[in-house]
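> Turn this into a structure:
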Amino acid sequence: MGFLDDVISTGKNVVSAAGKKTDEAVRFSKLKIKESQLNGDIRNKFETLGSLIYQMAKSGEKNSEQFDALVAELDDCYAQLEEISQQFDEMRNEVTCPSCGAKSKTDNSYCSKCGAKLPVKPEPAEENADVIDETKDGE
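Purely as a prediction, here's the structure:
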């Protein structure tokens, strides 16, 4: 019975590893979709901002409330994009160089492009559980 138990145990390990890889692929895909949607939102907000500036220039009236609101919305979109970029870095085991913006593996202490000291990667947290939980809710 020992051989059969080993085969079953190995099979369970393979299925578990495949499940983890599938979860990672789903999470990656969801992040890519969210990134694409945010980029579309940014383009739309810039178009609206440009239209508002044109209208303000033509009429001579300043609508600073609407202008400030659009700028704040754009800042929020860029902050969300940065969070997504950080999540991609975590998934790929990469860190972004603060000096030149190049990607390096988290094992590196210095940037391979510019030689700057890379930030120490913080311990993984369960901050991204909401992305994975959405998958389970949608099933």
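
> How about the spatially most central residue of the chain, nearest residue that isn't a chain neighbour?
What sits nearest the mean C-alpha location of the chain, by Cα atoms, centre = their mean, is I84, with 1.4 Å. The spatial neighbour of I84 that comes closest, neighbours along the chain excluded (Cβ to Cβ, 6 or more residues apart in numbering), is E35 at 5.0 Å. Using the backbone N, CA and C atoms, a C-beta is placed for each residue, glycine as well.

> With F67 instead?
Nearest residue to F67, sequence neighbours excluded (Cβ to Cβ, 6+ apart): L52, at 6.1 Å.

> Beyond the helix or strand containing the one you found, next helix or strand please.
Under the criterion of DSSP states H and E, L52 resides in helix 2-59. Downstream of helix 2-59, the first helix or strand assigned by DSSP H and E is helix 64-92.

> which residues are contacting stretch 92-99?
For stretch 92-99, contacts defined as Cβ atoms under 8 Å, 6 or more residues apart in numbering pick out 85, 88-89, 102-108, 111, 113-114, 116, 118-119, 121.

> Only the buried subset of these, as a ChimeraX command please.
Selection of buried members from these for ChimeraX, criterion 16 or more other Cβ atoms under 10 Å:
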select :88,89,104,111,118
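
> quick one on the thing from earlier: separation between the residue nearest to the centre of the chain and S36?
Separation of I84 from S36 (Cβ to Cβ, to the nearest Å): 10 Å.

> All set, thanks.
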